[in-house]
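A.B. asks: Okay, structure incoming, though there's no sequence with it:
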């Protein structure tokens, strides 16, 4: 089985003095040769600093998944956009945001995918698809040996509802929620 690792790159708090805390969240998921960044946090300087300290080269991220359209989760997106990147975001994102990430050969050498229903992002990682009514977001389900791992942003639709849906999609009880 390929190695799996989740590294918190950006969070409101840090127990390490060499990492900067900042409003928001970002996690790097390494699985089966894929490097998936879930959210970017709010501040590109914090994201870039923490990535450098952790030895994470943002130019080697092959997939970016955005949970929801709040600045503390997508504010540093320009630090990650690069050639051949796959970007997955909820289909309900604003037209303004979609215009920023849509594929335009003159400025966007990445690939943008609007997600509305559960979908495989890379092998062993599935999006829950869009959840919620007022604030729509997606979460990720990672196939783990002890059971599925749920990675979520703010959990605006409610963590219980997100966990229930993730359990239905994975067809197994969750082993961990981040």
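C.D. replies: Looks like it came in fine. Treat the numbers as computed from the prediction; the structure is a model and nothing was measured.
A.B. asks: residues touching the residue positioned nearest the centre of the chain, list them.
C.D. replies: Ranked by distance to the mean C-alpha position of the chain (C-alpha atoms, centre = their mean), the top residue is residue 38 at 1.7 Å. Residue 38 is in contact with 25-29, 65, 67, 140, 151, 153, counting by C-beta atoms under 8 Å, 6 or more residues apart in numbering. (Glycine included, C-beta is placed from N, CA and C.)
A.B. asks: where does residue 112 land on pLDDT?
C.D. replies: Note for residue 112: predicted pLDDT of 89.
A.B. asks: brain fart, residue 98
C.D. replies: We have a pLDDT of 79 for residue 98.
A.B. asks: ok, it to residue 25 distance?
C.D. replies: Look at residue 98 and residue 25: by C-beta to C-beta, to the nearest Å, they are 22 Å apart.
A.B. asks: Could you check which of those two is surrounded by more residues?
C.D. replies: Neighbour count, other C-beta atoms under 10 Å: between residue 98 and residue 25, residue 25 has more, with 23 against 15.
A.B. asks: quick one: the strands in this protein?
C.D. replies: 4-10, 26-31, 34-38, 63-65, 86-90, 111-115, 119-122, 125-127, 140-142, 149-151, 176-177 (DSSP state E).
A.B. asks: List the buried residues for the lowest-mean-pLDDT helix or strand in the chain?
C.D. replies: When each helix and strand of the chain is scored by mean pLDDT, DSSP states H and E, helix 95-101 comes last, with a mean of 79. Neighbour counts over helix 95-101 (16 or more other C-beta atoms under 10 Å) mark 100-101 as buried.
A.B. asks: repeat for stretch 169-178
C.D. replies: By 16+ other C-beta under 10 Å, the buried positions in stretch 169-178 come out as 169-170, 174.
A.B. asks: measure that stretch end to end?
C.D. replies: Across stretch 169-178, the terminal residues are separated by 17 Å (C-alpha to C-alpha, to the nearest Å).
A.B. asks: Can you name the residues in contact with stretch 116-126?
C.D. replies: So stretch 116-126 is in contact with 2, 4, 29, 31-32, 34, 36, 62-63, 65, 86, 88, 90-92, 127-130, 140-143, 169-170, going by C-beta under 8 Å, 6+ apart.
A.B. asks: Could you check how far residue 53 is from residue 13?
C.D. replies: According to C-beta to C-beta, residue 53 stands 15 Å off from residue 13.
A.B. asks: Of these two, give the one with the bigger neighbour count.
C.D. replies: The neighbour comparison of residue 53 against residue 13 (other C-beta under 10 Å) goes to residue 53, with 13 against 8.
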